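1. Model the structure of this input:
(chains A and B)
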Amino acid sequence: MKRLALLLLTVALPLHAGEIWVTNEKDDTISVIDTDTLEVVRTIPTGERPRGITFSKDFSRVYICASDSDTVQVMDPDTGAILFDLPSGEDPEQFVLAPDDRHIYIANEDDAVTTVVDTQTRQVVAQINVGIEPEGMAISPDGKIAITTSETTNMAHWIDTASHSLFANTLVDSRPRHAEFTADGTTLWVSSEIGGTITVFNVADQTEIGKIRFAITGVNADLVQPVGFKFNPEGTKAFVALGPSNHVAVVNMQSLSVEKYILVGRRVWHMAFSPDNSQLFTTNGVSGDVTVIDVAREEAVKSIKVGRFPWGAAMRPTKSN
Amino acid sequence: MPHWTRWAAVCAATALALPCSAAAQAAKTDVPILYLRQEIKQPPVLSNLDPVPEDLGLAGAKLAVTDNQTTGAFLGHDYRLDIISVAPGEDLTGAARQGLAMAPFVLLDGTASDLLAIADLPEAQGKLLFNVSAGDASLRSADCRANLLHTLPEDAARTDALMQFLVAKQWRKLAMIVGPTPNDQAYADSLRRSAAKFGLAILGEKAWTFDTDLRESTMAEVPRFTQDLPDHDVLLVADPTDDFGRYILHNTWLPRPVAGSHGLHAEAWAPVVESWGAVQLQNRFEASAGRDMRSRDYAAWLAVRSIGEAVTRTGSADPANLRAFLLSDAFQQDGFKGRALTYRAWNGQMRQPVAIVNDRALVAMAPIEGFLHQRNETDSLGLDQPESDCTAFGG
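-> Predicted coordinates for the structure are as follows:
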């Protein structure tokens, strides 16, 4: 009986309070959304054209790709102050923080290179030539493989992080946008915006093991454009943003089939989960808002107005109790 | 003598140092592409502003070869671009025979009659040709050829796009000024056809007949010239020659927007297109050509990128294989206009959105929302299958 009471108490307390940080590409700001009140609680100025955003492992720093300032900004999330800028190569768009919490891998869209930066020494460690318009970045859970996707070359480039050299280049469908390893590191997913597919690779031998296609009743096929996506922590479902079709697909990760489409705002880009993974926040570039999805019900429950052209999203837990 | 240049070869054209060695190890597939141009003597126009770039079209093909080389370098596909430019009055078909012997993939830059003359040469049979310059509806209809694809939208697609926009705005009453050249007349015909297609009325027309240098007297002449047109919502100008159209804006008798060849105009590509990742393409083009990208550059870029996409996906450089792939449902081209681009299987025209622009901004991207089509909304622009008399594609 006592245990049950304790459990109820635990649920009632906002142990999982948190914030969603959204980069507004056309406002040069970040909108910070409180995951309890679902309101914007802070708006923080950034460098020009902020896109990719990620927190350090202990959430003491936030890294922001300021694409048109040609830098990665490092910010103190409590004060909003810029601590320092990292060298990033030209036009950084997306990046990924390595599991070592120290190296970041940056896609330089205008330069056809991937830049590796040591956030402690603030030095460029390596630059790797990849295809034209690199965009999607991923790193394997063991940190041994980094992936860059190139939008015009239509490839996923597999980088050996020990030698900073390419060891495989695999074709995907037109305009690859985003890449993610599953939590167990055995498969890699790559979305192709114009091709309208997600390609799933077996990491061990870089072979294609499946392809996910999407079809929404009443929406022309060429407007169904997969971009950002997120896996749920159980590793059973993937949530896929479908761009100008204004829907998020729920994909069964075992069967690679679509189970549901959720209507969200216009031109949906990227996503972040709340700290307890009960809510999913999508950035909607054209409508300038964020849709909150109830993950259990797989339904949109609220829209939150943010800045102009929201793009990236990242979660930070807060200590509210 | 025609001017012949070899522009790009092997790894020299690409910034990728590493994959060149990788490519050397893989089995190599050569993909020779030819850009064949009939130069024309530009007609005199009133304004000295905005001369036609000498490398119009060509600059797009060059950029696309560089783009193709990056994927090609990883896969062992080697793209090469040769350029033959024939001066006015010189022997185009002779140059074409010579060029077709070198390359199975040819971009054609000339008039509709030039293109037909080349497509019908015995040397052109079994080759794959791309029209990057001629918007004539006839080439997509009765005069279509099985070996000729079109990456430039037909004029009808551009005028349809404009009319869709006017319908959406409820600007239904039109008047038109038509220039004196055959090109002006053909464009006016296209505007008339599109207006009828979308139920808009051209209530009055006037032919442009001025034969003086008008530049210092536009405020005196243009209001009087437009005064006796029936009342209208929009004044259409048919002057693709770019002679007088620019002087009509803001000098009309009634305060009305101008559309057509000037003012609000519909293009395959324009420097103001910046969404859908287009800024990347605009930046790459400007860095490589030193100027803005125009529709013919874009059409040439699309043609070479189509060849690249087909070679990448099929692993073949055989024109028959590539033609079959390009016309199939499997082909999709990213064109930085928000939708996948494909070819119409009934006449070889690339299906693509059309940008409706002014000089400073994208106004709308057609197909305009609400114009539906049973197959693909983009087929609401230009010659749809029932309207096309093309039979060379088995239709």
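
2. CA atoms for contacts and neighbours, from now on please.
-> Will do.

3. Near residue 272, how many other residues are there?
-> I went with chain A, as the question did not name one. Neighbourhood size, A:Ala272 [other CA atoms under 10 Å in any protein chain shown]: 22.

4. Chain B is the one I meant
-> 20.

5. B:Arg360 is in contact with that one, correct?
-> Yes: under the criterion of CA atoms under 8 Å, B:Val272 makes contact with B:Arg360 at 6.3 Å.

6. Next secondary structure element downstream of the helix ranked longest in chain B?
-> Taking DSSP state H as the criterion, chain B has its longest helix at helix B:295-314. Next along the chain after helix B:295-314, taking DSSP states H and E as the criterion, comes helix B:319-326.

7. Mind giving me the packing neighbours of the helix or strand just after that following helix?
-> Counting by DSSP H and E, the next helix or strand C-terminal to helix B:319-326 is strand B:333-334. Judged by 3 or more CA pairs under 8 Å, 6 or more residues apart in numbering or on different chains; DSSP states H and E, strand B:333-334 is in contact with helix B:295-314, strand B:340-343.

8. What lies in contact with strand B:333-334?
-> The contact list for strand B:333-334 (CA atoms under 8 Å, 6 or more residues apart in numbering or on different chains) reads A:Ser174, A:Arg175, A:Ile194, B:Arg305, B:Ser306, B:Glu309, B:Ala340, B:Leu341, B:Thr342.

9. how about a cut-off of 7 Å?
-> With CA atoms under 7 Å, 6 or more residues apart in numbering or on different chains as the test, strand B:333-334 has contacts from A:Ser174, A:Arg175, A:Ile194, B:Ser306, B:Ala340, B:Leu341, B:Thr342.

10. and the residue in the stretch 1-150 of chain A positioned nearest to chain B, backbone torsions?
-> Nearest residue of the stretch 1-150 of chain A to chain B: A:Gly131, at 5.8 Å (CA to the nearest CA). Backbone torsions of A:Gly131, given as degrees, to the nearest 10, read phi -80, psi -180.

11. residues from chain B in reach of chain A?
-> Counting by CA under 7 Å from any CA of the partner chain, the residues of chain B close to chain A are B:Leu16, B:Asp67, B:Thr70, B:Thr71, B:Gln280, B:Gln332, B:Gln333, B:Asp334, B:Arg339, B:Ala340.

12. Would you mind checking the residues you listed for buried ones?
-> Buried residues within the residues of chain B next to chain A, counting neighbours by 16 or more other CA atoms under 10 Å in any protein chain shown: B:Leu16, B:Asp67, B:Thr70, B:Thr71, B:Gln280, B:Gln332, B:Gln333, B:Asp334, B:Arg339, B:Ala340.

13. Flag every buried residue along stretch A:282-300.
-> Across stretch A:282-300, burial judged by 16+ other CA under 10 Å covers A:282-295, A:298-300.

14. Now, the residues you listed that are in strands?
-> A:Thr282, A:Thr283, A:Asn284, A:Asp289, A:Val290, A:Thr291, A:Val292, A:Ile293, A:Asp294, A:Glu299, A:Ala300 (DSSP state E).

15. Nearest residue to A:Val292 in space, ignoring adjacent ones along the chain?
-> Nearest residue to A:Val292 in three dimensions, chain neighbours excluded: A:Phe281, at 4.7 Å (CA to CA, 6 or more residues apart in numbering or on different chains).

16. no wait, A:Phe239
-> A:Val250 (4.8 Å).

17. just B:Val86 next, same as before
-> Spatial nearest neighbour of B:Val86, chain neighbours left out: B:Pro2 (4.5 Å); criterion: CA to CA, 6+ apart.

18. what's the answer for B:Pro180, then?
-> B:Trp208 (6.5 Å).

19. does chain B sit close to stretch A:63-71?
-> No: shown here: stretch A:63-71 not in contact with chain B (CA under 7 Å from any CA), separated by at least 12.0 Å.

20. can you check stretch A:252-271 too?
-> No: Stretch A:252-271 lies apart from chain B when judged by CA under 7 Å from any CA; the minimum separation is 10.6 Å.
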